[in-house]
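> Got a sequence here, can you build the structure:
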Amino acid sequence: MQTDSPTAKPLVERYEAVIVGGGIVGTALCALLAQAGMQVALVEAKPLPLSLDKAIGPLPTPRVSALTPVSQRLLTHIGAWPAMQQARITPYQGMQVWDAEGSGEIAFSADEAGVAVLGHIVENAVTLSALNRQVLDHPNVTTFFGVSPQALQRANGVRANGDWLVLDDGRQLYAPLIVAADGAQSVLREMAGIEVASDDMHQYAVVTTVQCAKPHGGTARQAFIDGRPLAFLPLTVEGNAHYCSIVWSTTPEHADELGELSRDALGEALADAFGHRLGSVTAYDKAHRFPLVQRHARHYVQPHFALVGDAAHNIHPLAGQGVNLGLMDAAVLAEEVVHAWQRGAPWGNLSTLQRYERRRRFDNSAMLGLMKGFKVLFGSHDPALTLMRNLGMSGMNQLVPLKRVLMRQATGERGRLPLSCR
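As a prediction, this is how the structure comes out:
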């Protein structure tokens, strides 16, 4: 649909940016733009979110993220990190990865990487609630909860300076920049006609929360079991360091089997699969499961339109980088847009947005390719390849300088970081 002038519509509301998607990435972007002085609208189909104190229960929620030190600096810049610290976060200083089909094993430490911590395991609910504190009462932010986009109306001609978003309650929002942060199944991306390259990983992610007989010791652990990575991510609840968040990427059939187990049987299955490295395991929740599909949009931007986070790229949870990549999208897009806005330049034009895409596409593509490569490498049953990967892991474990470079990459220290992340 097309229109000639926003003033022809009686219910049009004008903003300098409209963000669709009130998840972690969209809310972080909203905070960055609003704190710079821009008038921002945030549209989210779900109802008004819970406050931080109500969102955090006695036990961790099953969906967590491994936030890198770079993401921590961004969240500190936004103002969300102090509230997250007061709620529930778990730093980890070590990481162990091994091949359950052989003898290969590699361990990383914060000391080797030259950093205080390798990252923090944080419930997504904690991060989002802390970000909401920064935007819900901000004078530059208008929120639209419980409504969804119905249509994206594009302006005509090269001199057009904005687009319209029509909501399902009849309101219309006009802005020089509209951002899709509405997830892997982005409705707004489809409205914009941006194609996506999809790669079905033929796996499901199974997540739950457990308590182990042995403390996690601030170490994230991951075993490759017949090509199916099983991660025990450390969680600390009121000083108790025996909790872990489980992420097991496995076959659809195995995921169904795990989902049907009682909590006692699930705990036993997890302990057996992990070689009892943390002793017996008690599951506190059922096994939640969701399909794994890697996606990458053919383009991130159009005039007055941009994709961020899972709307632009959806990655295997193997390395826990999904939210970190999305937060970096938000930081880079905000930096480019705010810089243009402060200069009085058209911040929604294609040349401005293409600078964002150039800065982010290579990093996202590299991480997507790396995750696919890991799946192929550890999913192979070829004896020669099994021997090679085990020798490679064991040999790399002795090369501290190389490990330091790899860990600096894993902690987010890649490329030209935006100022908000330095």
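
> Now do the contacts for the residue nearest to L33 when sequence neighbours are not counted.
Closest residue to L33 apart from its sequence neighbours, by C-beta to C-beta, 6 or more residues apart in numbering: V40 at 4.9 Å. For glycine as for every other residue, the C-beta is placed from the backbone atoms N, C-alpha and C. Contacts for V40 (C-beta atoms under 8 Å, 6 or more residues apart in numbering) come out as 15-19, 30, 33-34, 140-142.

> Quick one: buried ones out of these?
When those are checked for burial by 16 or more other C-beta atoms under 10 Å, the buried set is 15-19, 30, 33-34, 140-142.

> export those to a markdown table and tack on distance to S420 and pLDDT?
Converted to a markdown table, those look like this (distance: C-beta to C-beta, whole Å; pLDDT from 0 to 100):
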| residue | distance to S420 | pLDDT |
| --- | --- | --- |
| Y15 | 21 | 98 |
| E16 | 18 | 98 |
| A17 | 16 | 98 |
| V18 | 21 | 98 |
| I19 | 17 | 98 |
| C30 | 14 | 98 |
| L33 | 11 | 98 |
| A34 | 13 | 98 |
| N140 | 17 | 98 |
| V141 | 18 | 98 |
| T142 | 23 | 98 |
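
> Using CSV, lay out these together with secondary structure and distance to G415.
As requested, those are exported to CSV (DSSP: H, G, I helix; E, B strand; the rest coil; distance: C-beta to C-beta, whole Å):
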residue, secondary structure, distance to G415
Y15, coil, 30
E16, coil, 27
A17, strand, 24
V18, strand, 28
I19, strand, 24
C30, helix, 24
L33, helix, 22
A34, helix, 26
N140, coil, 29
V141, strand, 29
T142, strand, 33
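
> how about the residues you listed in CSV, adding distance to H316?
Listed next are the buried ones among the contacts of V40 as CSV, based on distance: C-beta to C-beta, whole Å:
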residue, distance to H316
Y15, 35
E16, 35
A17, 31
V18, 31
I19, 26
C30, 27
L33, 30
A34, 32
N140, 36
V141, 33
T142, 36
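
> any idea which of these is closest to P215?
C30 (38.1 Å; C-beta to C-beta).

> surely that closest one meets V135?
Yes - between C30 and V135 a contact is recorded at 5.1 Å, counting by C-beta atoms under 8 Å.

> Touching both of those two, which residues are there?
With C-beta under 8 Å, 6+ apart as the test, C30 and V135 both reach 42, 141.

> Can you check which strand is longest in the protein?
Longest strand of the chain, by residue count under DSSP state E: strand 196-212.

> then that one to PDB, C-alphas only?
Extracted C-alpha coordinates of strand 196-212, given in PDB (Å, rounded to 0.1, in the frame of the first residue of the first chain):
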ATOM      1  CA  VAL A 196      15.800 -15.100   4.300                       C
ATOM      2  CA  ALA A 197      18.300 -18.000   3.700                       C
ATOM      3  CA  SER A 198      17.300 -20.800   6.100                       C
ATOM      4  CA  ASP A 199      19.300 -23.800   7.200                       C
ATOM      5  CA  ASP A 200      17.300 -26.400   9.100                       C
ATOM      6  CA  MET A 201      19.800 -27.800  11.700                       C
ATOM      7  CA  HIS A 202      17.600 -30.900  12.200                       C
ATOM      8  CA  GLN A 203      17.900 -30.500  15.900                       C
ATOM      9  CA  TYR A 204      15.800 -29.200  18.800                       C
ATOM     10  CA  ALA A 205      17.200 -27.300  21.800                       C
ATOM     11  CA  VAL A 206      16.100 -28.800  25.100                       C
ATOM     12  CA  VAL A 207      16.300 -26.400  28.000                       C
ATOM     13  CA  THR A 208      15.600 -26.800  31.700                       C
ATOM     14  CA  THR A 209      17.000 -25.900  35.200                       C
ATOM     15  CA  VAL A 210      18.700 -28.400  37.400                       C
ATOM     16  CA  GLN A 211      20.600 -28.700  40.700                       C
ATOM     17  CA  CYS A 212      23.800 -30.800  40.800                       C
END
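
> Can you spell out which helices and strands pack onto it?
Secondary-structure packing of strand 196-212 (3 or more C-beta pairs under 8 Å, 6 or more residues apart in numbering; DSSP states H and E): strand 228-237, strand 240-250, helix 252-260, helix 263-273, strand 281-283, strand 288-297, helix 350-379.

> Which neighbours in the sheet does it have, and how are they oriented?
Neighbouring strands of strand 196-212 in its sheet, by DSSP bridges, are strand 240-250 (antiparallel), strand 281-283 (antiparallel), strand 288-297 (antiparallel).

> Cheers, nothing more for now.
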